[in-house]
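A.B. asks: my questions concern the predicted model and sequence given below.
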Amino acid sequence: MSSNKNELNLNEFVSLCKRRGFIYQSGEIYGGVGSTWDYGPMGAELKRNIKNLWWDTFVLKRNDIVGIDTSILTHQDIWKASGHIENFNDPLVECKGCNKRWDQEKIQSETCPECSGELTEPRNFNLMFKTFLGPIESDKNIAYLRPETAQGIFVNFDNVLNSTRKKLPFGIAQIGKAFRNEITTGNFIFRTREFEMMEIEFFVHPEEAKKWHEYWISTCFDWLTSLGVKEEKLKIRAHEPTELSHYSDGTSDIEYLFPWGWGEIQGIANRTDFDLKAHSESSGKKLTYFDDSLQKHITPFVIEPSAGLDRAVMTFMTNAFEEEEIDMGNGKIETRSVLRLNPKLAPVKVAILPLSRKDELSGFSKKVYDTILNSPIISGLIQYDDTQSIGRRYRRQDEIGTPFCVTIDFESLNDNSVTVRDRDSMKQERIEITNVVEYLGNHLN
Ligand code: GAP
């Protein structure tokens, strides 16, 4: 190998995503719908793997967090109480360069205070998508598509507490779609109007809020690095007091260095008792917790790690991308693109690649495919591909990040062995069929 390139620009990234079935523009055959994107077969798998790993880590493997799944369509009273109707209604200008929004009266500047970019005209702008429940478009029937999943958690605080008997500190997690009528969208799936979030509302004793805030910042950071995100491409940035959301007493973002600059991928906020108190006052229903040791009701504080799933897709993919020049040994240099995704994230776990489509080999190969497919220790997508040259098939699998290719040749019929090729090292190992499932299981899990 002679040289490596591990940056790809936005256009290259968009084109890779389309070519290999990760992400397509929504409604492309009609010219495309602005800023909405569809996940293709590879993208859907990657997204599902991220969600499953997140849920596994933060819900299934912990005794102090439970998961829920609340409705997207939410009555206006919830957003009145949460402060979203009032606070998302300011006249705002937005920087066309870095997408930061500003209250124009406060910035006293014609250009973006952050990057000097051009600003949009001010608009009285509410970020929420408004609709009506039922056939009558009256003020009483107004509902909104949720702009965050968090409120579905807060309004169910008492239900979850009563049905699970959890003690502080404990969290409620949710993964789901959110909608924001962003003034400007951009950078592909980075800022869109429909996106998916992975959120935890972690309820704590008020005096322990600071400690838990620190804990969640480092836990979220470690989760990203444990899945291969390079530490030098991550940074933690505490919000200035002027940029804090209306509910926050302190927020730190985890930012990732995309090839086009730093961008927020997660935010960890100390929401204090703002939301529980607001819903309590507005609904008349007590949202408190009985503290056994104090023998009184308290309103817990909330620490909220909130992650954008689409931004996680972008992070994992751009972080894993590498282009390397390979010396083929015969004076020829070839370039290969490879997604060095953690195997747990990879859309395809194993590709079965017979060297020929002749009957005797395909019969044998399909048996190998069935064995791997039905093995209880290998889960995820297994592909069978007998089209094109083996070189092209390897290139395709490298570019979608498949950790292992299993190649079957005519010798396999005699020695009952297959060749297993490792995506990262490109090393090939001859392995007996009887050991192949165990070998793959050991390396994938
Ligand atoms: N409940 C807290 C909350 O909503 P946020 O910082 O507004 O906080 C959390 O959003 C995360 O959601 C962000 O860190 C980002 O990853 C993702 N996100 C926010 N707006 C987005 C958009 N328009 N498109 C894609 N992802 C977005």
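C.D. replies: Thanks, I have the structure now. Numbers count the residues shown, from 1 in each chain.

A.B. asks: need the helices for the stretch 251-400 of the chain, in chain order.
C.D. replies: Here the stretch 251-400 of the chain has its helices, by DSSP state H, counting those that start in this stretch, at 274-283, 309-320, 359-373, 390-400.

A.B. asks: list the buried ones in the shortest one?
C.D. replies: In other words, helix 274-283. 274, 275, 276, 278, 279, 280 (16 or more other Cβ atoms under 10 Å). C-betas here are computed from N, CA, C, even on glycine.

A.B. asks: just want the residue of this structure that's nearest the ligand.
C.D. replies: residue 308 (2.3 Å; Cβ to the nearest ligand atom).

A.B. asks: filtering the buried residues of helix 274-283 by proximity to the ligand, which remain?
C.D. replies: Counting by Cβ under 6 Å from any ligand atom, nothing from these sits close to the ligand.

A.B. asks: any chance of JSON lines for the residues you listed, columns distance to residue 433 and pLDDT?
C.D. replies: Shown next, in JSON lines, are the buried residues of helix 274-283 (distance: Cβ to Cβ, whole Å; pLDDT from 0 to 100):
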{"residue": "274", "distance to residue 433": "60", "pLDDT": "97"}
{"residue": "275", "distance to residue 433": "57", "pLDDT": "97"}
{"residue": "276", "distance to residue 433": "58", "pLDDT": "98"}
{"residue": "278", "distance to residue 433": "62", "pLDDT": "97"}
{"residue": "279", "distance to residue 433": "60", "pLDDT": "98"}
{"residue": "280", "distance to residue 433": "63", "pLDDT": "98"}
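
A.B. asks: farthest-separated two in those residues?
C.D. replies: 274 and 280 (10.9 Å; Cβ to Cβ).

A.B. asks: how's the chain carved up into domains?
C.D. replies: Annotated domains of the chain cover 2-75+139-317, 346-444 [automatic domain parsing].

A.B. asks: and those domains as TSV, adding distance to residue 102?
C.D. replies: Shown next, in TSV, are the domains of the chain (distance: least, Cβ to Cβ, whole Å):
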stretch	distance to residue 102
domain 2-75+139-317	10
domain 346-444	39
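
A.B. asks: for the ligand, what are the nearby residues on the stretch 101-250 of the chain?
C.D. replies: So far as Cβ under 6 Å from any ligand atom goes, the stretch 101-250 of the chain lies against the ligand at 148, 150, 180, 182, 191, 192, 195, 197, 199.

A.B. asks: filter the residues you listed down to just the ones in strands.
C.D. replies: 195, 197, 199 (DSSP state E).

A.B. asks: okay if I get the residues you listed as CSV plus distance to residue 166 and pLDDT?
C.D. replies: Formatted as CSV, these follow (distance: Cβ to Cβ, whole Å; pLDDT from 0 to 100):
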residue, distance to residue 166, pLDDT
195, 29, 97
197, 22, 98
199, 17, 98
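
A.B. asks: verify the contact between the residue of the chain closest to the ligand and residue 192 for me.
C.D. replies: No. Residue 308 lies out of contact with residue 192 (Cβ atoms under 8 Å); the separation is 9.5 Å.

A.B. asks: now the helix or strand where residue 161 lies against helix 274-283, angle please.
C.D. replies: Using DSSP states H and E, residue 161 maps to helix 157-164. Inter-element angle recorded for helix 157-164 and helix 274-283: 100 degrees (by axes from the mean of the first three to the mean of the last three Cα atoms, to 10 degrees).
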